[in-house]
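Participant: whatever this is, show me its structure:
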Amino acid sequence: MACGVILFPFSKDSLLHDFRLGGYASAFRRVAHPGGTVRVSSHQAVGLISGNGNHCNYFVGELRRYTGDPQTIADFYAAQAVPDLGLLFIENGEFPALGLDEVLPYRLDVLSAWLDSPAAPRDHLYLVYLLGIDLDPGWDMRCH
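Facilitator: Numbers count the residues shown, from 1 in each chain. Presented below is the predicted three-dimensional model:
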């Protein structure tokens, strides 16, 4: 019991950030996805995703396969008006090169991290995600 009391100030920030990530995951589950799309994989992460520290990012994302027109998919998500919702279409079998250091967690910034097999098809894929930020990292070492 005494150890818990001593360690709580150092672990409470991690617990708070995990709780907030859970809120983002819950909000993401309420996002509707267009017909003709199917989930390939999903990931979530909390920690320092962009910048140089002193804040904590929350990321929840899903890689999906689609048929049809990318603009129709973009319009579908835009019509939901979900705050912090982002959309990236895979280009030439990889994530687009611009701005990924501010969107994807470091270990998820390559398409192969999202696919079960290196032989999996890399066309007609997109990533839909929620990305949030908390300016107080506290003692959570994932955010430094």
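
Participant: lowest average confidence, helix or strand, in this structure?
Facilitator: For the chain, counting by mean pLDDT, DSSP states H and E, helix 2-29 ranks last in confidence among helices and strands (a mean of 79).

Participant: quick one: the helices in this structure?
Facilitator: Taking DSSP state H as the criterion, the chain carries its helices at 2-29, 70-78.

Participant: what's the spacing between stretch 128-142 and its chain's center?
Facilitator: Stretch 128-142 has its average C-alpha position 11 Å from the chain's average C-alpha position, going by C-alpha atoms, centre = their mean, to the nearest Å.

Participant: quick check: end-to-end length of that stretch?
Facilitator: End-to-end span of stretch 128-142 (C-alpha to C-alpha, to the nearest Å): 23 Å.

Participant: burial check on residue 56, number of neighbours?
Facilitator: The burial metric for residue 56, expressed as a neighbour count using other C-beta atoms under 10 Å, is 26. Just so you know, the C-beta spots here come from the backbone N, C-alpha and C atoms, and that holds for glycine as well.

Participant: isn't it right up against residue 45?
Facilitator: No: applying C-beta atoms under 8 Å as the test, residue 56 and residue 45 come out as separate, 10.6 Å apart.

Participant: quick check: neighbours shared by these two?
Facilitator: With contacts defined as C-beta atoms under 8 Å, 6 or more residues apart in numbering, no residue is adjacent to both residue 56 and residue 45.

Participant: which other residues reach stretch 137-144?
Facilitator: Outside stretch 137-144, the residues touching it (C-beta under 8 Å, 6+ apart) are 9-14, 16-17, 46-48, 53-57, 134.

Participant: so what's the gap between that stretch and the chain middle?
Facilitator: Between the centre of stretch 137-144 and the centre of its chain there are 18 Å (C-alpha atoms, centre = their mean).

Participant: cool, and stretch 55-72?
Facilitator: Between the mean C-alpha position of stretch 55-72 and that of its chain there is a distance of 8 Å (C-alpha atoms, centre = their mean).
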